[in-house]
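Trainee: curious how this folds, go ahead:
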Amino acid sequence: MEELIPITMFLGAFAMVFGIRYLSNKEKMAMIERGMDPGIRKNEQLAPRPFLSLKFGLLLVGLGLGILLALFVVMQNHMEEDQAVPVYFGCISIFGGLGLIFSYLIEKNWIDKHKEELV
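Mentor: All right, here's what the predicted structure looks like:
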């Protein structure tokens, strides 16, 4: 019975990805038939692509700092495993969020400085 769990997981994941792609394609085809723009050809000036790397980089740095801080807190206070889990989740969430906020501020500052070039 336990050998069915991984098989079911992979089949479920495949069905989910297939369903999402199928429905997305169906939606785009319906938009094309009605004369709407499905957004396949996106305008290159909407958002600079280097910010995506910055966003993920700062997110991962924030997550790493959150894990490191949580490890220090747990080791310093000699917490049990069931008490340490909320500390890990809290620190990971806080520092991951701070990384995303920092990324937003950098991106907003850059866009404000180069506003006339983008228009």
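
Trainee: residues near residue 16, how many?
Mentor: 10 (other CB atoms under 10 Å). Heads up, the C-betas are built off the backbone N, CA and C, glycines and all.

Trainee: before we move on, what about the one 4 residues further on?
Mentor: Other residues within reach of residue 20, judged by other CB under 10 Å, total 10.

Trainee: what helix or strand does it sit in?
Mentor: helix 4-33 (DSSP states H and E).

Trainee: spit out the contact partners of residue 51.
Mentor: Residues in contact with residue 51 (CB atoms under 8 Å, 6 or more residues apart in numbering) are 103, 106, 107, 110.

Trainee: mind checking which of these are in helices?
Mentor: Counting by DSSP state H, the contacts of residue 51 place 103, 106, 107, 110 in helices.

Trainee: just among these, which is most surrounded?
Mentor: Neighbour-wise, the ones in helices among the contacts of residue 51 (other CB under 10 Å) top out at residue 103, 21 neighbours.

Trainee: didn't that one look like it was pressed against residue 60?
Mentor: No - counting by CB atoms under 8 Å, residue 103 stays clear of residue 60, with 10.9 Å between them.

Trainee: and the protein, what are its domains?
Mentor: 1-41, 44-113 (automatic domain parsing).
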